[in-house]
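K.L.:
below are the sequence and a predicted model; questions follow.
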Amino acid sequence: MLVVTESNGESLMKPTIKSSKGFTLLEVIIVITLLAILAVAGMTKYSFNIVSSAEDSAKNTVVAAVRDGLQIYASREVANGNPASYPASLDSAGGNSAASVANPLFRNILEVGVAKQWHKFSTTCYSFEQQASGGGITHNYYQYDPATGAFSDAPGGC
């Protein structure tokens, strides 16, 4: 090996400091991995919020349809020359039964009925079952009054 030296014996090859103008591949991989972990954590919460929002919309749509159906029922009674009245029951399902295709709820006032997420506890008490954030199920209760045709929230149950 040949080493070039000056006349005083010092090496002409001086150590140089490499200027850093970029990131190493390892640093880039670590940052991408951390971003991916954060994205997955955020998506889990976001996807739960989407499902929860969709369930709220489904519940609100059914409640509005039931209320509209009750008004249409009373209007038909009046149109037929009878006093305004409401059905004694919103469906023929027995008490304490879950909505299903074979056993749709609200069939006396809705043409198709509801076959999912609703539960009938009695002739006048219904609940909408929704996934809770902790993994359990929450119930939103509704009370039907056949005398007035009201289908209203019953926060404490019925």
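P.N.:
Yep, that arrived.
K.L.:
does residue 68 sit in a helix or strand, and which one?
P.N.:
Take DSSP states H and E as the rule and residue 68 turns out to sit in helix 25-79.
K.L.:
hmm, I typed the wrong one, I wanted residue 130.
P.N.:
Counting by DSSP H and E, residue 130 is part of strand 125-131.
K.L.:
and that strand with helix 25-79, angle?
P.N.:
Interaxial angle of strand 125-131 relative to helix 25-79 (axes from the mean of the first three to the mean of the last three Cα atoms, to 10 degrees): 170 degrees.
K.L.:
so for the chain, the centremost residue is which one?
P.N.:
residue 52 (1.7 Å; Cα atoms, centre = their mean).
K.L.:
pretty sure that residue contacts residue 130?
P.N.:
Yes. Counting by Cβ atoms under 8 Å, residue 52 touches residue 130, with 7.4 Å between them. Glycine gets a C-beta too; all of them are placed from N, C-alpha and C.
K.L.:
mind listing what the longest strand seen in the chain pairs with, with the direction of each?
P.N.:
The longest strand of the chain (DSSP state E) is strand 137-145. Applying DSSP bridges, strand 137-145 is found paired with strand 125-131 (antiparallel), strand 150-153 (antiparallel).
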